[in-house]
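S.K.: My questions concern the predicted model and sequence given below.
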Amino acid sequence: VTHTVLGERWECVVLTKPDVEEWPPIPSFVNGVRCDEKGPFCEVAEEKFIAALREKVKKQTKVELKKSEIMKHVGVVVNALIKNPRFSSQTKDKCTTKRSDLGSSPVWKPKDLKKAVNAVYPVIEEVAYAKINKKARRMVGAVKGSRLVIPKYEGAKKAGTKHESIKCSLVLTEGDSAKALATQGFSVTGRKYFGVFPLKGKLLNTRKEKNPNKIIKNAEIQNLMQIVGLQPGVKADRNKLRYGRIIIFTDQDVDGSHIKGLVLSFLHLQWPETLTWKDFVTVFHTPIIVAKWGRGQKKMFFTKPEFDQWKENEGRTLRFTSKYYKGLATSNKTEAKEYFSNLERHLIAFNHETNPEEVSSAINIAFSDDNQYKTQRKELVRQKSEMLVDRVTTIPDFVSIDSKLFWDDAGQRSFPHAIDGLKESQRKVLFSLRKKNCRSENAELRVAQLAAYTSEHTSYEHGEASLNDAITKMGQTYMGSNNVNLLY
């Protein structure tokens, strides 16, 4: 409730209404007489406030609200002194005095107007977001039937059917190379119950984006909702979805873990009930190291500490060779078939019986932008990382172990070293230039050539796009680049 003086003869109170169907009318007063049906004198006092509120809503949420939509949730009580007021009847429920005959006009001071708008804005913001969600439900809809035309999406034959959709699994892959590997694996499982959709890198962090309009309009999220059959603002029903299970198929590195977390965060924010369903969200684990010895004998390891532990015990007596799998692209067609022929070994579902409050807290700590969760995230980052021997099965463990490893790695990549002042990517670029003997002023290389050479000769694990960006920034000299150019 905000009280504002609008002049010698005018004052008003701005308040928010409870979200109930039956609520008594908000009265106003003329010369001490109660007017439940108000009149032109109220319109004069309200119009500037309503205009300022609509302008802020449009600026913040990109939604245009009508006055009627606002006044369902906001009340304005006006108290005015008018010379010779006229009323519609003897009960004086409505003052009919015209604007030109009021004798004076209410004046909103900028400071008071801003205060009144800010007081009710949180409630009206929710109204705007509800309107976005309602529009999104019409736009996205629950797609029925098995045919769905979305770029790069290859659907399961039974997806969207009435009785067999729940048996279908959607494989979400990290890029096109992982999709190719999954497609090769479908030669074992068949395409009747398996579909695949490649994500373009990392999914939008929906917890940091306050405007649901941007979330809903994100093309990748729209596609994902249509493929699975999820609708924003509508509680999910597993029996009515186009797929009964989601399989996250990413690299076994820290960036792959981050993508898994972003998918979990998106589902939990919009449809938290999906994380309580048995085996709905599963992770496809591929080996990070494979050891071979003897005549065709081999063993897969899904974490490096697991391999180190084996090497110190059983491996000590064996003459073995090991291969490190940098990403899914390292696996070949034969290995893809091997993975998909033994799904029970490679698929790990998140425990659906974990306390929902613990799940919510863990996901917010990992991805929320609220200050309370930022503080907890900083405390978690300061802790020593655990050695991951077994694959995690609960979301809280996933955040405290897998996400923690991602933050550690991101920190090492982002902060320059105290000795040489270089980040990892910058150091490897300079090493590659020295190795290639590019020391003279006449030696020229394209950014793409240098990135490819660096990736090949320095075991850079994060893709050439990151190197392209690092190399470009190392050569920038313009004002504001905040850079001492090491390249030119």
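M.R.: Right, received. Where do you want to start?
S.K.: what's residue 129 in contact with, if anything?
M.R.: 61, 63, 212 (C-beta atoms under 8 Å, 6 or more residues apart in numbering). Every residue, glycine included, has its C-beta placed from N, CA and C.
S.K.: So what does the nearest residue to the first one once chain neighbours are set aside have for phi and psi?
M.R.: When the adjacent residues along the chain are set aside, residue 61 lies closest to residue 128, with 4.3 Å between them (C-beta to C-beta, 6 or more residues apart in numbering). Residue 128 adopts backbone torsions of phi -60, psi -40, taken as degrees, to the nearest 10.
S.K.: roughly how far apart are residue 128 and residue 230?
M.R.: 22 Å (C-beta to C-beta, to the nearest Å).
S.K.: swap in residue 54?
M.R.: 31 Å.
S.K.: what about those two, which has more around it?
M.R.: Ranked by neighbour count (other C-beta atoms under 10 Å), residue 54 and residue 230 place residue 230 first, with 22 against 19.
S.K.: neighbouring contacts of stretch 41-58?
M.R.: By C-beta under 8 Å, 6+ apart, stretch 41-58 touches 6, 10, 12, 14, 28, 30, 35, 63-65, 67, 70-71, 74, 76, 78, 80, 82, 95, 97, 99, 102, 105-106, 108, 113-114, 116-117, 120-121, 124-125, 128.
S.K.: Would you map the helices across the stretch 301-450 of the chain?
M.R.: Ranges of helices within the stretch 301-450 of the chain are 304-312, 333-341, 343-346, 356-367, 371-382, 395-397, 404-414, 424-435, 447-457, based on DSSP state H, counting those that start in this stretch.
S.K.: tell me the mean pLDDT for the shortest one?
M.R.: Right, helix 395-397. For helix 395-397, the mean per-residue pLDDT is 88.
S.K.: How far off centre is the helix or strand hosting residue 126?
M.R.: Using DSSP states H and E, residue 126 sits within helix 110-140. With C-alpha atoms, centre = their mean, to the nearest Å as the basis, helix 110-140 stands 21 Å off its chain's centre.
S.K.: can you check stretch 164-184 too?
M.R.: 21 Å.
S.K.: can you pull the buried residues of it?
M.R.: Buried residues in stretch 164-184, counting neighbours by 16 or more other C-beta atoms under 10 Å, are found at 164-166, 168-175, 177-184.
S.K.: Just to be sure, which of those residues are found in helices?
M.R.: Judged by DSSP state H, helices contain the following of these: 175, 177, 178, 179, 180, 181, 182, 183, 184.
S.K.: And residue 406, how far from residue 262?
M.R.: For residue 406, the distance to residue 262 - C-beta to C-beta - is 11 Å.
S.K.: no wait, residue 92
M.R.: In terms of C-beta to C-beta, residue 92 sits 61 Å off from residue 262.
S.K.: More neighbours: these two, which one.
M.R.: residue 262 (20 against 16).
S.K.: Now the more buried one: closest residue in space that isn't a chain neighbour?
M.R.: That would be residue 203: by C-beta to C-beta, 6+ apart, it lies 4.2 Å from residue 262.
S.K.: Near the residue nearest to residue 61, how many other residues are there?
M.R.: 23.
S.K.: helices or strands next to the helix or strand bottoming out on mean pLDDT in the chain in the packing?
M.R.: Lowest by mean pLDDT, DSSP states H and E among the helices and strands of the chain is helix 212-217, with a mean of 74. Helices and strands touching helix 212-217, by 3 or more C-beta pairs under 8 Å, 6 or more residues apart in numbering; DSSP states H and E, are helix 110-140.
S.K.: Same question for stretch 50-69: list its buried residues.
M.R.: Across stretch 50-69, burial judged by 16+ other C-beta under 10 Å covers 50, 52, 53, 54, 56, 57, 61, 63, 65, 69.
S.K.: Mind checking which of those are in strands?
M.R.: Cross-referencing the buried residues of stretch 50-69 against strands under DSSP state E gives no overlap.
S.K.: Same list (those residues) but as TSV, adding pLDDT and distance to residue 245.
M.R.: Formatted as TSV, those follow (pLDDT from 0 to 100; distance: C-beta to C-beta, whole Å):
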residue	pLDDT	distance to residue 245
50	94	49
52	94	49
53	94	45
54	93	44
56	92	43
57	91	40
61	82	34
63	85	35
65	91	40
69	90	40
